[in-house]
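Q: coords please:
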Amino acid sequence: MLDTLVGFVEVLHRIRVGVVDGFRSASQQDGEDGQARGFRDLLDHLGSLTRNTIAVTVAGHTERFEQLTVPTRTQQRAFEFLDTPVPLELT
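A: Residues are numbered from 1 along each chain as shown. Presented below is the predicted three-dimensional model:
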């Protein structure tokens with residue numbers, strides 16, 4: 001559990017150092033798709049990536065699968081900056 005927490009803190013630090021320093025203020029443009037985001041806004045935006053478990057029942061047989069939201073360009077860029085793929089499954 002401690003390793004997971006330390007890893008999470010390291011990721012947050014990398015986001016803070018790289019992304020926030022690259023996107024200084026909300027008045028700056030990010031050069032690609034509009035207005036830059038602040039650190040808290042970026043975390044909130046990254047938190048909007050969702051994974052839903054869908055259950056479909058046909059003729060008494062239930063199948064479950066996960067459906068992922070499609071990451072926005074900003075979310076993709078944040079994960080690219082971290083040199084990490086967008087997580088497709090829980091670890």
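
Q: against Leu68, how distant is Thr62?
A: Using C-beta to C-beta, to the nearest Å, we find Thr62 at a distance of 20 Å from Leu68. Backbone N, C-alpha and C define where each C-beta goes, glycine included.

Q: who has more neighbours, the two?
A: Taking neighbours as other C-beta atoms under 10 Å, Thr62 and Leu68 compare with Leu68 leading, 13 against 8.

Q: the closest residue to that one other than its chain neighbours: what's it in contact with?
A: Among residues not flanking Leu68 along the chain, Arg51 sits closest, at 5.4 Å (C-beta to C-beta, 6 or more residues apart in numbering). By C-beta atoms under 8 Å, 6 or more residues apart in numbering, the contact list for Arg51 reads 66-69, 90.

Q: and Arg51, how far is that from Phe39?
A: 24 Å.

Q: how about the helices in the chain?
A: 2-14, 21-22, 39-46, 73-81 (DSSP state H).

Q: low-confidence bits of the chain, can you list those?
A: 1-9, 13, 16-36, 89-91 (pLDDT under 70).
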